[in-house]
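Chemist: Predicted coordinates and the sequence they were generated for:
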Amino acid sequence: MKISRRQMLILLPAAAVAWESVLAGTPEDSPNYKMTDHWWGMLIDIPKCIGCGNCVRACQTENDVPDGFFRTWVERYHRTDWPMTETGPITTNPLIAPEVISPKGGKEGFPVATDESGKYFFVPKLCNHCADSPCTQVCPVGATFISPDGVVLVDQKYCLGCAYCVQACPYGCRYIHPTKEVADKCTLCYHRITKGLTTACCEACPTGARQLVDLKDPKDPIHEFLKTHTVQVLKPQMATGAKLFYNDLDGSVR
Amino acid sequence: MSVFKDAGHLFRFAGLFVLAFLVFLVVRHYVVPKSFGQYGHYRGAAIDEIAARPVKFAGHETCETCHSDVADKKKIGKHAHVNCEACHGALAGHVNHMMGTDSPAASAGSGAPTQLADDPSLEKPVLPDTAVLCVRCHTASAAKPKGFPQIDPANHYQGTSCKTCHQPHSPGIDAGGAK
């Protein structure tokens, strides 16, 4: 077979491409951790949370979260009793509009509450690590994704900082890092859970209000817990497939 | 060959098209990272990069391997479920100095472990101030769950430190009391 100079010129780059992918081979798998064996989430036990802010501080330490930004934060809700006036109940529905505070994300705790009326509770918030996450779907460059073990991550080397994902997250869990100028968010302490540790917030929580759960682990107590408790996710109507399970969540939480 | 008569310009154009496509493939090959598309529409290597970040909280299992005396004391008290670093702060550096290397943090990553001086006292935890630490959780507030033990710092103790009556690792006064 005779190959002309022109044919050679066309064939050479094609052959180079093919040879490069032969050389690259298949990447080596991590010896201890198999992504396909896990499907991570978190359980938040509302009645156990005391609003101490240990989780917020631990997260900031573990992940170098800049001041004024939060990968996790705690909100305090106060659902006041329905106020009655002489002419009957007022028209503002306290069920729909509870009083919510989160001073410095709850990092330094909360002011002492003296008003005994109504219902108080703390709601720790963080990335819901949605199985059908809106934030990963809008990324124009493929810089944010759901890992094979169900954690929503950001590739900060690839992120352009367009902040489309910040707008897309229905839970407000993302921010643009002030110095890196790329999207930043909770990684569910991916560098810890892949080493067999729990997340920094779960490690620091003094009451066990936060529990890291592995939904693919048949021995994980979450399976029994989900059967025996009233567990909800935030904004279920958005069908995000959130994996942040709240036990005993009040209906007023948005 | 009458069909291809006067069709030379079409072949030249087709050749140009094929060439442009090959140039595109070559450029794409160098521009798109190798691991892109390994698991999905993203750079697969990013997962390993994120997993390789150093750990700051060592985890209570790690603490208990050396400080088993404290672990035993804590196990019988009310603070059994409070992990060490909830009060003492992040102490992976202390452990790394103990091991003489930062390998626990680097083991899952590509970074080679750094040799450190084999002396945990180089990064010793600061003894927490109980006057600040205890009230952070135990200050009475109507917002806290009713079953949680709470005190009013203004009335509960007068100028004394919490440690005078409560031993933080097992705080019940009956279960050991002052140390």
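Modeler: Looks like it arrived, so ask away.
Chemist: need the contact list for A:Leu212.
Modeler: Shown in contact with A:Leu212 (CB atoms under 8 Å, 6 or more residues apart in numbering or on different chains): A:40, A:42, A:188, A:193, A:198-199, A:202. (Each C-beta comes from the backbone N, C-alpha and C, glycine too.)
Chemist: give me that answer again for 6 Å
Modeler: Contact analysis of A:Leu212 by CB atoms under 6 Å, 6 or more residues apart in numbering or on different chains lists A:42, A:198-199, A:202.
Chemist: how far is the helix or strand harbouring it from where the chain is centred?
Modeler: When elements are assigned from DSSP states H and E, A:Leu212 belongs to strand A:210-214. Distance of strand A:210-214 from its chain centroid, counting by CA atoms, centre = their mean, to the nearest Å, is 12 Å.
Chemist: cool, and stretch A:102-122?
Modeler: The chain centre lies 23 Å from the centre of stretch A:102-122; the measure is CA atoms, centre = their mean.
Chemist: do the same with stretch A:227-234
Modeler: Mean C-alpha position of stretch A:227-234 versus that of the full chain (CA atoms, centre = their mean) differs by 18 Å.
Chemist: Endpoint to endpoint, it covers what distance?
Modeler: Taking CA to CA, to the nearest Å, stretch A:227-234 runs 18 Å from one end to the other.
Chemist: That stretch: which residues count as buried?
Modeler: Of all the residues in stretch A:227-234, those buried under the rule 16 or more other CB atoms under 10 Å in any protein chain shown are A:231-234.
Chemist: on that earlier part again, let me see the mean pLDDT of the following helix or strand past the strand holding A:Leu212.
Modeler: Going down the chain from strand A:210-214, the next helix or strand is helix A:222-228, by DSSP H and E. Mean per-residue pLDDT for helix A:222-228: 95.
Chemist: Show me the domain layout of chain B.
Modeler: Using automatic domain parsing, the domains assigned to chain B come out as B:8-51, B:54-126, B:127-179.
Chemist: Any part of the shortest one near chain A?
Modeler: Think domain B:8-51. Yes - applying CB under 6 Å from any CB of the partner chain, one finds domain B:8-51 touching chain A at B:22, B:25-26, B:29, B:34, B:39-43, B:46-47, B:50-51.
Chemist: Give the residue spans of the stretch 101-250 of chain A that score low on pLDDT.
Modeler: Judged by pLDDT under 70, the stretch 101-250 of chain A has no weakly predicted residues.
Chemist: If we use 90, what do you get?
Modeler: A:113-119 (pLDDT under 90).
Chemist: what does chain B give?
Modeler: Applying pLDDT under 90 to chain B flags residues B:1-9, B:93-132, B:153-167, B:170-179.
Chemist: interface residues of it facing chain A?
Modeler: B:22, B:25-26, B:29, B:34, B:39-43, B:46-47, B:50-51, B:53, B:55-57, B:59, B:81-83, B:85-86, B:90, B:108, B:136-137, B:141-145, B:148.
Chemist: Spell out, range by range, the helices that occur in chain B.
Modeler: Shown for chain B, the helices assigned by DSSP state H span residues B:8-31, B:45-51, B:60-66, B:68-75, B:84-88, B:92-99, B:103-106, B:130-138, B:153-156.
Chemist: Distance from the chain centre to the first one, please.
Modeler: Average the C-alpha atoms of helix B:8-31, do the same for its chain, and the two points are 49 Å apart (CA atoms, centre = their mean).
Chemist: what about the closest residue to B:Glu123 other than its chain neighbours, distance to B:His67?
Modeler: The shortest distance from B:Glu123 to any non-neighbouring residue, by CB to CB, 6 or more residues apart in numbering or on different chains, is to B:Gly93 (4.2 Å). Using CB to CB, to the nearest Å, B:Gly93 is found at 16 Å from B:His67.
Chemist: All set, thanks.
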